[in-house]
Each structure stands twice: as C-alpha cells, then as structure tokens.
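Asker: need a structure here:
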Amino acid sequence: MGVNFGAHLRAQRIARGLTQAEVGGHAYSPSYISLLEIGRREPTAKVIEEIASRLGTAAEVLESWDYGTEPEDVGWVLASLAARQAWDMRDYAQASHQARTAAENAWAAGRYGSWWDATYLQIESLAGLGEFAQARAIAEDLLCHPLAASSDALAVRTRQFLSAVCLGLGELVPALAHAREAVQAAAVLPVGSTLRIAALRSLVAALAESGCLDEAWEHCLVLGEQISEETPGQIAGEAEWVIGNVAFLRGDGEQGTRAHEHAAALLSPANDLLLWARFNKASAATRLSGGIIEPATLAALERAEIAYSIVGGRRAEQLELALVRARWLHLNAQHAEAAAQLEQIRSESHLLGHHTAAEAALLLGRALTAVGRPDRARALYHEARAGFLRAGLPEMALAAEHAAAGLLSRRRRALATASPAQP
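Answerer: Residues are numbered from 1 along each chain as shown. As a prediction, this is how the structure comes out:
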C-alpha cells in the first residue's frame with residue numbers, strides 16, 4: 001500500500017479533526033501511525049480494521065486506498081486530491097465538483113471503495129453549501145448500494161448524515177427516523193466506537209429538536225457512558241455539546257453548564273473555528289430556550305458572532321445566529337430591536353429549515369405584540385403554526401395557536417370594556 005495508503009490516511013485523519021494518537025488509540029503509537037502516513041510501514045488486515053473503526057468507516061474503504069499506477073487510476077486520484085484540498089480550504093463548490101469527478105472515475109476504474117469515499121465527500125460538500133435536498137438524494141442512493149448493505153459502519157455513517165440533512169431542511173420526522181436507524185445499526189459495533197457515539201449524538205439532536213426532551217435525556221445518559229479516555233477529543237466534545245444542549249432545554253442549568261464547559265475544553269477554536277462558532281451558537285440558543293439570561297449566555301453568543309465574522313459560514317447559519325441575538329434582545333425587553341432583526345431574518349426565511357423559519361415567525365409575533373402591533377402579530381402566529389405543523393412539531397404549532405387565540409381574547413375584552421353600558 002505504502003505512500004498511496006498513507007496519503008489517504010493522513011487526509012482522512014485531518015478531515016475528522018483527529019490526532020495520530022487518537023487514530024492509533026491504545027493499540028498503535030502515534031509514531032506508528034506517522035510511519036503509515038509516510039509510507040514507511042504496510043498496514044495488516046488487523047491494523048486496517050482498527051483504523052477503520054477509529055475513522056468511523058469500513059475496512060473495505062481503507063483497502064481501496066491501495067491503488068497502483070495504472071492509467072485508469074490517474075483521473076480519480078488527482079480529482080480526489082483536488083477535492084480534499086478544496087474541502088480543507090472550505091471551497092465546498094469546488095470540493096463537490098472534484099469529488100463527483102473522482103467518484104465517476106473511480107467507478108469506471110472498478111475502485112468501488114474509493115467511489116464510496118469520493119461520493120461521501122461530495123454529499124458532505126453539498127451539505128456545506130446548504131444544498132441539503134441534493135445531498136439527501138445522493139445519500140439515499142448510497143444507502144441502497146451493496147457496500148452499505150454489507151457494512152454496518154457505512155450504513156451508520158449514511159443514516160447519520162441523512163438525519164443531519166433532514167434536520168437542516170426542518171423535516172424532523174424523517175430526521176428522527178434516520179437517527180433511530182443509525183443507533184440500531186450501530187448496536188453491533190464495539191462499545192465506545194466513534195460511530196456508535198456519533199449515531200447516539202444524532203439521535204439526541206433529533207429528539208431535542210423534536211421536543212422529546214425526556215427521551216433525549218435517557219439517550220444522553222447512554223451517550224455519556226460511551227465516552228472514555230480513548231474517545232477522540234473532537235468526538236467527545238461534540239457528545240458533551242449535545243448533552244449540554246438537552247440539559248439546558250430541560251431547565252438543568254448546572255448540568256448544562258458542566259457539559260458545555262467540558263465541550264469547550266475539547267473543541268479548540270485553533271483546530272476548527274467554524275465548529276467552535278457552531279458550538280457557541282448552540283450553547284447560547286439552548287441557554288436562552290431554557291430561560292437562562294446571564295453573562296455566560298451573552299458571552300457564548302458574542303464568541304459565536306466573532307467566530308462567524310471570521311469564517312463566514314453559510315447564510316442560513318448567519319441567520320440562525322441572528323435569530324439567537326433577536327431572542328436575547330426580546331428576553332431582555334428590547335422588543336423593537338428584536339423585531340427589526342427578525343424582520344430581516346423573515347425576509348430570507350426561505351433559506352432556513354421549516355422549524356427555524358416558524359420559530360422566527362413566532363418570536364417576531366411576540367415582539368410585535370409587545371410593541372402594540374397585534375394585527376400583524378396574529379398573522380405571524382398563524383404562519384408559525386403552519387410552519388411547525390409542516391416540520392412535524394404539533395406542540396409548537398399549538399403554542400402558536402394559543403398565542404393567536406390570546407390576542408383575539410384580549411381584543412374582545414378591550415371591545416367589551418370600550419362599549420357603552422346597556423340600559
């Protein structure tokens with residue numbers, strides 16, 4: 001395998017934010033992983049199986065990295081390297097294009113494991129662009145491929161990805177279904193494996209977004225038991241992140257703070273500033289949803305704003321962050337300022353998932369109610385209700401309906417009070 005295998009190993013390790021020590025675990029030293037990456041050691045079948053587990057993929061994919069110098073290999077190898085370089089530079093459009101080219105050429109050369117690898121990078125790049133519908137369609141095709149049927153690891157990765165893109169689209173029912181399937185498929189994997197942790201994390205996230213907080217917390221407890229000293233830092237940090245989210249949403253500020261402090265220690269902004277921005281955005285959002293208005297919440301919000309100002313990110317993510325800021329303003333009785341920000345968000349709500357757009361409409365309705373514009377607020381409550389129903393959130397739809405009914409009730413009382421007394 002040599003240099004070819006080593007180059008792919010290094011690229012995949014860096015893409016997942018893992019150190020050489022984390023890839024090797026207790027089984028192999030960092031120096032051994034380094035020798036593999038520079039082509040000074042040849043991996044055995046046992047080594048491949050162990051590394052595949054740490055990378056969260058299938059041994060078949062790693063075995064496909066053993067390509068020769070045949071003419072048919074040149075096209076997909078060069079495109080694959082270009083795709084990975086574009087991904088590292090966050091040029092998702094170029095990464096998607098090159099990954100698709102690499103996948104087509106690998107398929108033509110009969111390198112099916114490499115085809116899988118390139119196609120998965122393509123859908124990740126599409127998700128990075130916010131092209132969730134297209135990414136989902138390709139991922140569904142991947143799930144039907146015999147490689148996924150024969151590999152629990154590949155099935156779990158694909159189900160987990162599908163859950164994430166459905167969340168991005170605001171389609172919570174299929175997001176939850178895919179996450180449950182991922183956890184079920186991961187049950188056969190070793191306890192503490194990165195894929196098993198990732199599958200549980202996806203399920204917790206989908207349950208939390210769906211408002212199923214008690215069930216989400218039950219899975220948080222299982223997730224916490226999966227984390228050990230061997231768990232790669234980024235994987236452990238992301239797990240603590242979602243555990244903290246659920247704790248805050250359940251009103252347990254102490255547990256939420258503890259989990260997010262652990263996450264912050266594991267997710268370094270120096271390693272991945274965009275991930276750091278997303279973490280702080282989520283931390284601020286879930287604190288506010290749990291009614292926690294304190295300096296630590298504002299600090300998380302400001303860290304996210306600074307990080308996004310540097311890395312940019314998708315417009316949808318910027319709007320989601322603006323929504324967090326608007327909620328902060330509203331909860332601090334700055335209703336006019338919140339309404340102005342929410343009007344801008346609503347003008348671009350087509351970029352958001354159904355549930356997020358509905359949340360923005362509901363919050364705008366509340367802000368307008370607070371500044372004395374009940375007629376416009378009522379229309380927004382009805383819009384929010386429709387959006388929540390479309391997203392599969394009947395309880396939130398009911399909350400929007402109650403808000404509209406409350407306005408109508410107040411109007412009737414005001415009319416009754418203003419009417420002259422009957423003789």
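Asker: Which residues outside stretch 252-260 are in contact with it?
Answerer: Contacts of stretch 252-260 with the rest of the structure, by C-beta atoms under 8 Å, 6 or more residues apart in numbering, involve 240-241, 243-248, 283, 286-287, 290, 292, 296, 300. All C-beta atoms are positioned from the backbone trio N, CA, C, and that covers glycine.
Asker: please redo it, this time with the cut-off set to 6 Å
Answerer: Glu240, Ile243, Gly244, Ala247, Phe248, Ser283, Ile292 (C-beta atoms under 6 Å, 6 or more residues apart in numbering).
Asker: For the helix or strand containing the second one, give the mean pLDDT please.
Answerer: Secondary-structure element containing Ile243, defined by DSSP states H and E: helix 233-249. Looking at helix 233-249 alone, the average pLDDT works out to 94.
Asker: Quick check: the residue lying closest to Gly387 once chain neighbours are set aside vs Val371, distance?
Answerer: Leaving aside its chain neighbours, Gly387 sits nearest to Ala358 (2.9 Å; criterion: C-beta to C-beta, 6 or more residues apart in numbering). Taking C-beta to C-beta, to the nearest Å as the measure, Ala358 falls 21 Å from Val371.
Asker: Comparing those two, which residue is more hemmed in?
Answerer: Ala358 (27 against 12; other C-beta atoms under 10 Å).
Asker: check contacts around that one.
Answerer: Ala384, Gly387, Phe388.
Asker: tell me the contacts of the first one?
Answerer: Put plainly, it is Ala384. Here Ala384 is in contact with Ala358, Ala361, Leu362, Ala400 (criterion: C-beta under 6 Å, 6+ apart).
Asker: Name the nearest residue to Ile14, sequence neighbours excluded.
Answerer: Asp88 (7.3 Å).
Asker: distance of that neighbour from Arg315?
Answerer: Asp88 sits at a distance of 22 Å from Arg315 (criterion: C-beta to C-beta).
Asker: Same check on Ala397?
Answerer: Taking C-beta to C-beta, one finds Ala397 at 26 Å from Arg315.
Asker: More neighbours: these two, which one.
Answerer: Shown here are Ala397 and Arg315; by other C-beta under 10 Å, Ala397 has more neighbours (20 against 12).
Asker: Am I right that that one is in contact with Leu389?
Answerer: Yes. Counting by C-beta atoms under 6 Å, Ala397 touches Leu389, with 4.7 Å between them.
Asker: so what's the backbone phi/psi at Arg250?
Answerer: Main-chain dihedrals, Arg250, degrees, to the nearest 10: phi -80, psi 0.
Asker: Nearest spatial neighbour of it, chain-adjacent residues omitted?
Answerer: Leu213 is the one closest to Arg250 (C-beta to C-beta, 6+ apart), at 5.2 Å.
Asker: Phe279 versus the one you found, what's the distance?
Answerer: Counting by C-beta to C-beta, the gap from Leu213 to Phe279 is 20 Å.
Asker: quick one, which of the two is more surrounded?
Answerer: Phe279 (27 against 16).
Asker: need the contact list for that one.
Answerer: Counted by C-beta under 6 Å, 6+ apart, Phe279 has contacts Trp241, Leu267.
Asker: For Leu288, give its distance to Ala333.
Answerer: According to C-beta to C-beta, Leu288 stands 14 Å off from Ala333.
Asker: secondary structure class for Thr257?
Answerer: Secondary structure state of Thr257, per DSSP: H, G, I helix; E, B strand; the rest coil, is helix.
Asker: Tell me how many other residues crowd it.
Answerer: Neighbour number of Thr257 under other C-beta under 10 Å is 18.
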